[in-house]
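Asker: sequence unknown, structure follows:
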């Protein structure tokens, strides 16, 4: 394990945290085998922590036209254009696992136009990246393009909102120099067998 | 009152909303005399509504080195560079009221470098706008500049986090074409007497 | 009245000015009830003053397919993308009055794509902003789009020339830190009755 | 002589023009040996023509700390960053003549940082280009830099105003596709003898 | 092995290639265990292939103040800002191996400012990225900064030339949609033991 | 002849150079009447010199759908957007000679959209400039546009590769402050007779 600082800000000890936050962290540790640093670093501010993960869950665990892999793919692509190390590395791992594809995360993070994705996913990422970089220019034509790929209005809200929410996450990670766990780099990289 | 649509998405009737959300909306209506459209339009998704306002309150109602006017000033300046009509108009009104200054909101929204603000506020807005536009480049020198203006580490988190959170808000408003209430345009514009 | 400097440069006393300039200033004062600062600050250079207002009048008082409100709307939108505080505030007031609309100026200054304007006005502002930001890329397709909205060749010259002229004005205002009069902020804000 | 159109707009015959404009054009023809197309193309709108050249003369013929070559150098450098063919070619010729230097115009138009100019001229062009591209960011530090090179406040107004005025000129030339005269390309290119 | 096309252009069979090119390819296959796609795809044009790899070797195999890992780090960082999938993936693998660090490639490709590198490497990458994105602005101050980190003039040429050469490589890869070999993704990812 | 330095780096004496390089330089001197500075300045690194000119010749002397003037036109236009003084001046001269047109080089370097070129050349330059500035976005639609103008796949490779190669050349020239020979400025400027 790396001994590098994982945040510019103090990182609380688990046993000093409010009960609900400690429980959430222990649950993710149980499931993942380690605690992703976003949990520890944002716990510096318990109220923001709660709001952040409530928002995250509302968008990422929602039922709808987007698969879990689609949602993570949006995170990876937009975090790529926002130059966010933590999010590309951590969500890249999750995307590899959900998509059962060891290559797609790097492809999408570097240049989604050259990735092995479907035209529907390409349109989804084009829109998400436009929300990330030029949201003020989003208009009817963008909605029409997505509808032409079979997305409904709620799917489009999801795509845009995931891009907007991780834009917040990316900015926080860059603000506090959030460091990604070493474990993420290797997760999901073994070719499909 | 304008009959223009306030969102691309369905706007729920108050009496169809979950109790906690209806109560929050009625409370703000009681206080402001009208319901700001951000409450009605985001209520389309109750879970995201709850997370959004919990995050908002965690940042905007927090005690610390930033005054309420400072916090709103960050919102107005960053919403200006993100070209977000709802947020500039609505938070411009709130800033005029908190700052007891009928001019500062327009000045800060258009070009904060030419606004009637203190050097401390100028540094605060420079940082907030860098988080909004080039967060990946935030580094030690930026923190040092703010410390030189008397901000402590928690103030700096506040500045960056408010910029990041309203970056999310700005993107959502542009995504759904959130329309600002007519009432905001005139609030707080009478000169100090 | 604010005691803040209205220019980085000396502002001449009215009675030291050449007769024609003093008369123009007194006439505008008579009409508006106050002297807009652009008159006082540019009077520092009488020859440039005369050329500036001759150009202004040639474009803004011209008969043609553009209404006075259309012309002011171009000024507000392009001054918005050029981040010019004086021009957005002062011409925002004039636009509110000509358009008899208390909301349109802020909408157009922040993000004309989300403003309550006609498709014809939207095309007009798209073109004006392209002249402001990327004039070298103006070509036949842009002219065709405007013709498709009913503008003739002379109207298109007007749209482009107003954008170009106020690009000069915006740069001068930012150069000399021209401050807007306090009076402009409130003008034309009362809802239509 | 080229038979290519020199403007998208009608170019008036000399004898149809108002007396004062015809005289100005004949005078320049007498002096230069040909009529620069900017005179013919802008004469389509006599009032704008008069204001344009009055402004031009106020800035370019003014006495002060900037030499004629300095003024033209500002025009060439800013017209370069604005991608204006007419102005780079025409004022490039004038600069070569005033500076008695067959190389400086191309150098400055392509990349002023690599041109054979003095540090004082480098600072002058850095400022002029900032006014052309990012005028909203001009501030005290920029003025201090120029003062450090011996420019006084009026010189700085000149530098900024020439950049602003030719920004208007560049936009008009790109708007109407103003074509440069063939004669300009070769003027002043013979090495100093 | 993926069956996806590795180039928009025909990929020659090994036995149809000129002897020298076939030998180079066989040698790299012998060493790496597979043929990196850049060799096969560029072999479509034998003369350009020869020049490309001669240039590559002149820069990447050169003795000097830069280690092999330094050179590859420049490739990864600049290919990241140029959004080149092939180069980030392939050279990311090589950098992991040379640096004996399974994390540095992703860090540097996403945001070198947040990577676990030395101040000397940070300065090296800042310069390389400036050459990639704004070479026209490179000047004395940039050279001074690198000298302050102990680089000599020939090292600086190396840094700039590697950035420039891989800028060519990145553009070719994006032009022909060069696909990276699956093998690269996993190479060098096992933590140091 | 100018006594200004032609490179930040040492420029080797001809008689100290390897035989093959000296011969190439003497051959070009024989043909052109002078030695273009790119030969002398890059000879500081013989291996890179050989690779550079081998690459240059592979692209610029190749038979195919592009004329020699077309190839030079790509160099001039892309060197213009890359702000490279040496390449615009030197290749501008060569283009004037090949195209037998004293005006086209300046036009294309400043703003190719306003140049006297064919629609086919306009499409060629649009593509070349996109490779220079946004290669990651090159896709099927760009290839289709060029095919629609009669270019075949190999021509498209040529256009993109020339842009990519001179992007390398432009960056090297800006890195080392390569100075253009005085002779180039006047070459090919006499009107067709």
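Answerer: Arrived safely. Just so we're clear, the structure is a prediction, and the values are computed from it rather than from any experiment. Residues are numbered from 1 along each chain as shown, chains lettered A, B, ... in the order given.
Asker: which helices and strands sit right next to the lengthiest helix in chain A?
Answerer: With residue count as the measure and DSSP state H as the assignment, chain A has helix A:153-176 as its longest helix. Packing contacts for helix A:153-176, counted by 3 or more C-beta pairs under 8 Å, 6 or more residues apart in numbering or on different chains; DSSP states H and E, involve helix A:37-42, helix A:46-60, helix A:68-81, helix A:85-99, helix A:119-134, helix A:140-148, helix B:119-134, helix B:153-176. Placement of C-beta: from N, CA and C, glycine included.
Asker: for chain F, what's the nearest residue on chain A?
Answerer: Proximity of chain A to chain F (C-beta to the nearest C-beta) peaks at residue A:111, 5.1 Å away.
Asker: stretch A:87-102 close to chain B?
Answerer: No: counting by C-beta under 8 Å from any C-beta of the partner chain, chain B is not contacted by stretch A:87-102; separation bottoms out at 11.3 Å.
Asker: mind listing what the residue nearest to residue A:58 when sequence neighbours are not counted touches?
Answerer: Spatial nearest neighbour of residue A:58, chain neighbours left out: residue B:47 (3.8 Å); criterion: C-beta to C-beta, 6 or more residues apart in numbering or on different chains. Applying C-beta atoms under 8 Å, 6 or more residues apart in numbering or on different chains, one finds that residue B:47 lies in contact with A:54, A:57-58.
Asker: now the helices and strands packed on helix A:153-176 as TSV including mean pLDDT?
Answerer: Below are those laid out as TSV (pLDDT from 0 to 100):
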stretch	mean pLDDT
helix A:37-42	98
helix A:46-60	98
helix A:68-81	98
helix A:85-99	98
helix A:119-134	98
helix A:140-148	98
helix B:119-134	98
helix B:153-176	98
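Asker: dump those helices into JSON lines; add distance to residue A:28 as well.
Answerer: Compiled in JSON lines, the helices and strands packed on helix A:153-176 are given as follows (distance: least, C-beta to C-beta, whole Å):
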{"stretch": "helix A:37-42", "distance to residue A:28": "6"}
{"stretch": "helix A:46-60", "distance to residue A:28": "10"}
{"stretch": "helix A:68-81", "distance to residue A:28": "16"}
{"stretch": "helix A:85-99", "distance to residue A:28": "12"}
{"stretch": "helix A:119-134", "distance to residue A:28": "25"}
{"stretch": "helix A:140-148", "distance to residue A:28": "32"}
{"stretch": "helix B:119-134", "distance to residue A:28": "27"}
{"stretch": "helix B:153-176", "distance to residue A:28": "22"}
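Asker: residue contacts, the spatially most central residue of chain A?
Answerer: Nearest to the centroid of the C-alpha atoms of chain A, with distances taken as C-alpha atoms, centre = their mean, sits residue A:75, at 3.8 Å. For residue A:75, the set of contacting residues under the criterion of C-beta under 8 Å, 6+ apart consists of A:87, A:91, A:95, A:162, A:166.
Asker: if we go to 6 Å?
Answerer: The neighbours of residue A:75, taking C-beta atoms under 6 Å, 6 or more residues apart in numbering or on different chains as the test, are A:91, A:166.
Asker: can you tell me how far it sits from chain C?
Answerer: According to C-beta to the nearest C-beta, to the nearest Å, residue A:75 stands 26 Å off from chain C.
Asker: measure that residue to chain B for me?
Answerer: Separation of residue A:75 from chain B (C-beta to the nearest C-beta) stands at 14 Å.
Asker: what residues are up against the closest residue to chain D within chain A?
Answerer: Across chain A, no residue is closer to chain D than residue A:136, which sits at 17.5 Å (C-beta to the nearest C-beta). Residue A:136 makes contact with B:83, B:174, C:111, according to C-beta under 6 Å, 6+ apart.
Asker: quick one, phi psi at the closest residue in space to it that isn't next to it in sequence?
Answerer: Among residues not flanking residue A:136 along the chain, residue B:83 sits closest, at 3.6 Å (C-beta to C-beta, 6+ apart). Torsion angles at residue B:83 (phi, psi; degrees, to the nearest 10) stand at phi 50, psi 50.
Asker: for residue B:83, give its distance to chain E.
Answerer: When distance is defined by C-beta to the nearest C-beta, residue B:83 is 25 Å away from chain E.
Asker: surely that residue and residue C:111 touch.
Answerer: Yes: the pair formed by residue B:83 and residue C:111 meets the contact definition of C-beta atoms under 6 Å, at 4.3 Å.
Asker: around residue A:85, count how many other residues there are.
Answerer: With neighbours defined by other C-beta atoms under 10 Å in any protein chain shown, the count for residue A:85 comes to 27.
Asker: isn't it up against residue E:113?
Answerer: No: between residue A:85 and residue E:113 there is no contact, the gap being 9.1 Å when judged by C-beta under 6 Å.
Asker: measure residue A:134 to residue B:174 for me?
Answerer: The spacing between residue A:134 and residue B:174, counted by C-beta to C-beta, to the nearest Å, is 9 Å.
Asker: have a look at the two and say which one is more surrounded.
Answerer: Of the pair residue A:134 and residue B:174, residue B:174 is the one with more neighbours under other C-beta under 10 Å, namely 27 against 12.
Asker: what pLDDT does the spatially closest residue to that one that is not a sequence neighbour get?
Answerer: Beyond its immediate neighbours in the sequence, the residue positioned closest to residue B:174 (C-beta to C-beta, 6+ apart) is residue A:135, lying 4.1 Å away. As predicted, residue A:135 sits at a pLDDT of 98.
Asker: could you do residue A:191 as well?
Answerer: Confidence per residue is given as pLDDT, and for residue A:191 that number is 67.
Asker: residue A:7 - nearest residue in space that isn't next to it in sequence?
Answerer: Spatially, and ignoring its direct neighbours in sequence, residue A:7 is nearest to residue A:41 (4.0 Å; C-beta to C-beta, 6+ apart).
Asker: tell me who's in contact with the one you found.
Answerer: If you count contacts by C-beta under 6 Å, 6+ apart, residue A:41 has them with A:6-7, A:11, A:178.
Asker: now do 7 Å
Answerer: For residue A:41, the contacting residues are A:6-7, A:9, A:11, A:176, A:178, by C-beta atoms under 7 Å, 6 or more residues apart in numbering or on different chains.
Asker: so which of those sit within helices?
Answerer: Those of the contacts of residue A:41 mapping onto helices are residue A:176, per DSSP H.
Asker: are any of the contacts of residue A:41 buried, and which?
Answerer: Neighbour counting over those (16 or more other C-beta atoms under 10 Å in any protein chain shown) leaves A:6-7, A:9, A:176, A:178 as the buried ones.
Asker: out of the residues you listed, who's nearest residue C:29?
Answerer: Checking the buried ones among the contacts of residue A:41 against residue C:29 with C-beta to C-beta, the nearest one is residue A:176 at 54.5 Å.
Asker: from residue B:69, how far off is the residue lying closest to residue A:152 once chain neighbours are set aside?
Answerer: Ranked by C-beta to C-beta, 6+ apart and with sequence neighbours excluded, the top spatial neighbour of residue A:152 is residue A:65, at 6.1 Å. Remark: distance between residue A:65 and residue B:69 (C-beta to C-beta) = 43 Å.
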